[in-house]
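below: sequence and its predicted model.
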Amino acid sequence: MCRFTCYLGPRLPLKSFLFDSEHGLVQQSVHAREREEPLNGDGFGIGWYAREMSPEPAVFRSITPAWNNRNLVSLGRVVESDCVVAHVRAATNASGVNESNCHPFRWGRYLFAHNGDLAGYRLLRRELLDSVSDAAFDNVYGSTDSEHLFALVIDELERAREPDGAQRMSAALNRALWRAVDLAERAAPGEPSYLNFVLADGDHAVAARFSTDGVHGPESLYFYHGRSPLPALGRTHADVLTAPATFVSSERLSGDPCWQEVPAGHLVIATRNGPPGVVRALRAASAAA
């Protein structure tokens, strides 16, 4: 299964958490520590915000392995952002290796990535697509369960009654998660789903660590909040060196003891105004019901 990292904080060079940290995402693409298969070489993607130019993020995706892409090295050296979602992919047998299937996925100002597997996906795909809005349906370009899960998130974002921002995002992600669980339980009873998600809008980020596997539990997920534990490439700006930053990552990017494991069945909600909150993913009535 895949690995992802989300960053929210002062502007940092992409290179600092892709390549230069102790266990950066590119290192995880070739030597993941917390999954049986250490390779995540079926493509990668990185989405970042440059809000002085546009509220919508830029996305660069490729089917080449992250460890062997010179364009990623070049971008990482010169691009900075205060909100990033990056992903390295291990494709399942049910989906092909092509650019449309690489994460993160984008809709408007939102970025989404997934680490895991939706049980019974091929059996439930038609029902899932029939249940979502035209906007959500039209945003599906590839064949992955992940992008179809994002369609559920988009549908819930459109229907949400909560105020804009982290509250709306966390409620929509939670409702989409349980819609996916219900679909999977009907299509493939007893088959486990693994649903680690991250959703960002440039100012907020919400991530879930969730599985219906009662034996092995969900995939790994950690968060960090505080002074950035990563190299700043020689920068001396006070905000980069001392201002709080939040990371959510499939694996810890450094050996700093402040990394915390996200409890199974919980959401992490990050904003620019303080430390992240951790709440249980509780089943609630879907707006689509």
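Yep, that arrived.

so the nearest residue to residue 76 once chain neighbours are set aside is in which element?
Leaving aside its sequence neighbours, residue 76 sits nearest to residue 15 (CB to CB, 6 or more residues apart in numbering; 3.6 Å). Where you see a C-beta, it was placed from the backbone N, CA and C, and this is true even at glycine. Residue 15 is located in helix 14-18, with elements delineated by DSSP states H and E.

got any ranges where the stretch 51-200 of the chain has weak pLDDT?
Residue ranges of the stretch 51-200 of the chain with pLDDT under 70: 92-95.

tell me where it has strands.
In the stretch 51-200 of the chain, the strands defined using DSSP state E, counting those that start in this stretch lie at 58-62, 80-88, 105-107, 110-117, 194-200.

so what touches the helix holding residue 15?
5, 7, 24-26, 46, 48, 66, 72-73, 75-77, 79-81, 84, 86, 228, 230-233, 247, 253 (CB atoms under 8 Å, 6 or more residues apart in numbering).

mean confidence score for that helix?
For helix 14-18, mean pLDDT is 89.

then it to CSV, C-alphas only?
C-alpha atoms of helix 14-18 as CSV (Å, rounded to 0.1, in the frame of the first residue of the first chain):
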residue,chain,number,x,y,z
LEU,A,14,9.6,20.8,-1.1
LYS,A,15,13.1,19.2,-1.1
SER,A,16,13.2,19.3,2.7
PHE,A,17,10.6,16.7,3.3
LEU,A,18,10.9,14.8,0.0
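
so how far does stretch 28-47 reach from one end to the other?
Across stretch 28-47, the terminal residues are separated by 18 Å (CA to CA, to the nearest Å).

same question for it, mean pLDDT?
86.

surely residue 157 touches residue 169?
Yes. In this structure, residue 157 is within contact of residue 169 by CB atoms under 8 Å, at 7.4 Å.

thinking again about what came up before, sort out which of the contacts of helix 14-18 are buried, if you could.
Taking 16 or more other CB atoms under 10 Å as the criterion, what is buried in these is 5, 7, 24-26, 46, 48, 66, 72, 75-76, 79-81, 84, 86, 228, 230-232, 247, 253.

out of those, which are inside helices?
Among the buried ones among the contacts of helix 14-18, the members falling in helices (DSSP state H) are 25-26, 72, 75-76.

would JSON lines of these with distance to residue 214 be doable?
Formatted as JSON lines, these follow (distance: CB to CB, whole Å):
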{"residue": "25", "distance to residue 214": "30"}
{"residue": "26", "distance to residue 214": "34"}
{"residue": "72", "distance to residue 214": "38"}
{"residue": "75", "distance to residue 214": "41"}
{"residue": "76", "distance to residue 214": "40"}
